[in-house]
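In: The sequence isn't on hand, but the structure is:
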């Protein structure tokens, strides 16, 4: 492990706590925590700035690591990133200690199931794209599917097995990272906590009149500041609201709300399932993720209705469609109903990387000290290891060129639009 | 108001607090609180003994005061009690202060609605029984029904209006009673709180070897005792587990679980409803109770599956059937899902009154100092005023003979069984 490049200093000003660290991460969702962990693990000092870490989309997420099953038409560019992250997962989990149980990481398989014949055709068509991308998706007879999952309805129309799509428990994983960060801060003698439970209000620049000058820290809502050699903006939908972002930078984030259920399986029905079931029921997706603690997560709706509350219609739809695939769902105990917003982007791909100093700046002329990592939409949990790995590479100055196409300024003025560049990848 | 018959004394023993009051009520659900309030209002000192008042069936209840609509075949005996209680409600609410809003009492009407033609026939048949009992139930055309309730589905099969079935908010009502009791205890100089947040373990008798001797108080789980001239057992399903009940007394209580939903109506859909809707959807009842605060209560399943948890199938059924009657339910925000047990009895009528000293004892030879008030099943909120009124009459020695048929010992050895005696009433 490298030595910290900055000496850690904490002082108490009149206006709040001031700290100096190597890297400040704004946002304590799974992406921000994952990046902070990779940075800390590399020997740097770090703080995560979030009034309520892991309480947003991370709190709701089911934690499917479904690079293969999540493949959507026209999103093949994203597939490469998802597969890379999937490959990094075991090492990422290993870095958090030997007991994988603490993160909820499990190499359970994923079964895709269709309810009616149109659903079966849609899944079969998708399998064509998956096979063309070199992925392994095995068709099952209904009889075979029910050998794996005896409680699957005999009336499903088709089933496919994806052995390489696993799962993690995002609540456990984020709690584990926070614990490990806290231990590192204490044992490493950082002299401050790894977490600041305060809202970040904006970026601090070298030249306070120039939002394209070097970013040197973060201003906090309590009046304090964090000075840092690198600042990572990983605060999901709130990213666009930070002050001090380069003026030409547009972060086209929109909230895509989802309702998600947690249920307890009564003893006599355990195990309800051993695979994750990803269903298509009359064209609408629904998934059931069995946890090792005897609970099941059923999700998730996609609503752009602006409502942060749990939708009665959404809960109804999830229960209805889950019962079509696994009738015994009606016998489960409903223990939690949650709604959260995911940070969507126009092309469903993240906004990840450095930001050019001005619109149309030549390659490499980026705002020093600033990295953006947001817009992970439905894929935040899956993409955490690759986001963490890539951000660390950016900090170390040796980044994987493949992920340049996810630059956060790809939608910004006078740069070629990302949807075009991603489409280019798709059609190649 | 009469003077307290007992001087109030509180002493601290080694084993807990000892108090002396006129009346001790075991159980702080709506029935126990209502009785305690009537007793206190008559000038007596009282304590309610409950570790968590108003947290059981009262917490879940929708609060429909639906004497007319709740009429079931073969339960005409209960109807008289329900109508009596309905008639007592305004005075009961008045006794709690001038601002009815604080109790959630509202004279909204109730509309019975059928989904299919069999449901319409069932409601029309029930109306025949209701009319024969002298009740007023007005048939509506679908068009008329939708003038009252524009968001009612145009596809319902039939509707009837019951103007005399109103509503109360059981959470507010029980909070209001607790507040008024506390004020009375303080202003009346009782020298103790009106509520003891401790579990009651059993009855204390004059002759500790004879469970048919006079009841003189209540033993508490903290080792304390409450001495009282009268003890009222109003602790719902837990009543049968108290020690010191007369040996021949059988309290045949069984838990009938129910799931119930609370939803918020978005501004653009207010008011969703102005009447309470009591629906029959393919033979299954569902109701929607609109509150003045912009929420709606949707209930309630009836399960005897032994599960205290919220049933996923139950929630699904409620959302499904409510949407059949009022499609806009899908656009509501689900804010709470609750399951509780109601204390059911073999004849669906309460166990209410004094208890004979021994099986087959002559009329009037009752255990002194003991009153039972439990088994209110689905009707606890509606029956609170009559239960309170009747218990006070029993204490004062001038009880309404009509309610003798609900004696709690009617199922006990060597007394004529209640189902027989109630059947007699039904067929008369």
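Out: Looks like it arrived, so ask away. Bear in mind that the values here come from a model prediction, so they are computed numbers and not experimental data.
In: so where do the strands sit in the stretch 1-150 of chain A?
Out: A:9-13, A:16-26, A:46-49, A:64-65, A:110-114, A:138-140 (DSSP state E, counting those that start in this stretch).
In: Let's have those strands in TSV, adding mean neighbour count, distance to chain B and mean pLDDT.
Out: No exception for glycine: its C-beta is placed from N, CA and C like everyone else's. Written out in TSV, the entries for those read as follows (neighbours: other Cβ atoms under 10 Å in any protein chain shown; distance: least, Cβ to the nearest Cβ, whole Å; pLDDT from 0 to 100):
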stretch	mean neighbour count	distance to chain B	mean pLDDT
strand A:9-13	11	42	55
strand A:16-26	25	30	90
strand A:46-49	28	31	98
strand A:64-65	27	20	97
strand A:110-114	28	19	98
strand A:138-140	15	26	98
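In: Next, format those as JSON lines and append distance to residue B:370.
Out: As requested, the strands of the stretch 1-150 of chain A are exported to JSON lines (distance: least, Cβ to Cβ, whole Å):
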{"stretch": "strand A:9-13", "distance to residue B:370": "66"}
{"stretch": "strand A:16-26", "distance to residue B:370": "65"}
{"stretch": "strand A:46-49", "distance to residue B:370": "62"}
{"stretch": "strand A:64-65", "distance to residue B:370": "60"}
{"stretch": "strand A:110-114", "distance to residue B:370": "60"}
{"stretch": "strand A:138-140", "distance to residue B:370": "66"}
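In: Which of those strands sits closest to residue A:194?
Out: Nearest to residue A:194 among those is strand A:46-49; the distance by Cβ to Cβ comes to 6.2 Å.
In: Does anything pack onto the closest one? Which helices or strands?
Out: strand A:16-26, helix A:30-41, strand A:195-196, strand A:225-233 (3 or more Cβ pairs under 8 Å, 6 or more residues apart in numbering or on different chains; DSSP states H and E).
In: ok, is the helix or strand just after the last one in contact with chain B or not?
Out: Right, the one you point to is strand A:225-233. Note on strand A:225-233: by DSSP states H and E, the next helix or strand toward the C-terminus is strand A:254-264. Yes - Strand A:254-264 lies within reach of chain B by Cβ under 8 Å from any Cβ of the partner chain, at A:261, A:263-264.
In: Average pLDDT for strand A:254-264, rounded please.
Out: Regarding strand A:254-264, the rounded mean pLDDT is 97.
In: what's near enough to touch the closest residue to chain B within the stretch 151-300 of chain A?
Out: Proximity of the stretch 151-300 of chain A to chain B (Cβ to the nearest Cβ) peaks at residue A:263, 5.6 Å away. The neighbourhood of residue A:263, defined by Cβ atoms under 8 Å, 6 or more residues apart in numbering or on different chains, consists of A:295-298, A:329, A:332-335, B:312.
In: bridging residues for it?
Out: Applying DSSP bridges to residue A:263 yields these beta-bridge partners: residue A:296, residue A:334.
In: go on, residue A:243?
Out: Checking residue A:243 by DSSP bridges, which sets the bridge assignment, gives partners residue A:202.
In: sorry, back to before: do you know how far the residue of the stretch 151-300 of chain A closest to chain B is from residue A:111?
Out: Between residue A:263 and residue A:111 the computed distance is 18 Å (Cβ to Cβ, to the nearest Å).
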